[in-house]
Each structure stands twice: as C-alpha cells, then as structure tokens.
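# could you work out the structure for the sequence below:
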Amino acid sequence: MRKMIVIIGILAIIFVGMIVYKNVIIKNSNIGIQEIEKIENYMKQIYMWKEITNEALPYFEDINQADETWIWEVVQKNLEEYEISYEKMGEKAKELFGSNFNKEFPKEGTENLIYNEENNLYYATSVELDQQEDAFLLNKIDKIKNGYEVEIIEYLEDYSQAITENQIIIRNVEGQEVAKISIQEEGKINEIVKNSTEKLNKKKIVLKLENGKLQVERVYQ
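Below is the predicted model of the structure:
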C-alpha cells in the first residue's frame, strides 16, 4: 500500500510538472494547449534514437535532403509493424512528411528493414537500444504562415544507474553530465533542462500544416 502511495505521488509530481511546463509555453507564445499537444505528439513521432540514426533529429533545409537512414527509421517506427509492404512505407512517408516529400523507399530494403523476395515484404530487424533515452523539451513556439516555428532543447536521460543507485543522469547530446537526480525526482527533469539551456543543444524546426496535419519542413540551428 505504501509503495502504491509513493508511485501515485511520483506520477502526480510528473503530471503537475507537465502542466506547468505547457503553461509556460502558452505564456511565452500565442498558441493554446491543444496546439502545443499536437506539436509535441508530432515531434515525438519524428524524434528518433541516436544509436540507430546517429542523430535523433538531423539538420536539413528540405525534407528531401534529410538523412535517409533517419527518414526510413521514422517511417518504420510509426508503422509499428514487423512485416511491412513497399506501398505502406510510401503511404506513411507521405503522411508524415507531406506531399512535397519525393524520396522513394529503396526496393532492396535498408540495414534494419530486410527484403524477403518470397512474400514481397520487408521485415524489421531487432535493434538493441542503450539506457540513454533521447529526449527533447519544447522551449518556444511561434506561429508562422501555414504552420509553426518550434525551438526544442535536446538532452539525454541516462537510466544506467537507476537500479543500482536510484539515480537518473541528465546529459547533453555529447554525453556530458549536466545533472543527477533520484528516481523520485523524475518530475523535475523539465525544470532542470529549462535551467541548464547553456549546457544543452537547441534546434529550430519549421512545421507546416497540410490538410490539418503537421509535417516537418526544415531543421536548423
């Protein structure tokens, strides 16, 4: 019973922290909480893992110039299927990246999507992830013509000491330690990240609205 109360308490702290974080964005921007949630959900769809794609979100001036490993891993992640057809890859890519996206999925497959000639499907291989979770925090959102310009703060949540020492280490994308907190203080991560911006990487993302859906157009410094 006591353990359940502790868990509920931690979840409450995290929930309150998220509300405060979104209210801060609303205060500093001219958008509502539903727009923030829509932007955050889309960013989660395209934000990857650096151990697979080298960068969780690479820089590019045009989506068709983006790193192809990142592009197809994003598509695979959002299909969430083990067996994938060529047509599904193309349809999901257009859904995620918009009508201007003109890349073709390689017929021979990729390193993590192996082509099977017998049934004409691609099979996702298992990929081992480390204990450092690639994460971002929405820092600023501005409305622009036909979309938004979003600034994020990038960081890593290192859980390698979570079991042995009951600690989470906040790192920058280069792996340098920024802060260390206990598991019970997990709800304070957003606050720590906000107060450590000089030690963390920032990126700006242009998101366009196309038929009511968000699509990434550009990522820059």
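# next, residue 139: secondary structure please.
What DSSP: H, G, I helix; E, B strand; the rest coil gives for residue 139 is strand.
# need the contact list for the closest residue to it other than its chain neighbours.
Spatial nearest neighbour of residue 139, excluding adjacent residues (CB to CB, 6 or more residues apart in numbering): residue 151 at 4.6 Å. Where C-beta positions appear, they are placed from N, C-alpha and C, glycine not excepted. By CB atoms under 8 Å, 6 or more residues apart in numbering, residue 151 lies in contact with 138-141, 202-205.
# next one: residue 220
59, 61, 203-204, 206.
# quick check: phi and psi on it?
Backbone dihedrals for residue 220, given as degrees, to the nearest 10, come out at phi -150, psi 170.
# confirm residue 185 sits in a helix?
Yes. Membership of residue 185 in a helix is supported by three-state DSSP.
# and it, how far from residue 90?
Applying CB to CB, to the nearest Å, the value for residue 185 to residue 90 is 44 Å.
# do residue 212 as well
21 Å.
# between the two, which one's more packed in?
More crowded of residue 212 and residue 90, by other CB atoms under 10 Å: residue 90, with 15 against 6.
# element containing the more buried one, please.
helix 86-97 (DSSP states H and E).
# how close does the residue nearest in space to the middle of the chain sit to residue 211?
With distances taken as CA atoms, centre = their mean, residue 47 lies nearest the centre of the chain, 2.6 Å away. According to CB to CB, residue 47 stands 22 Å off from residue 211.
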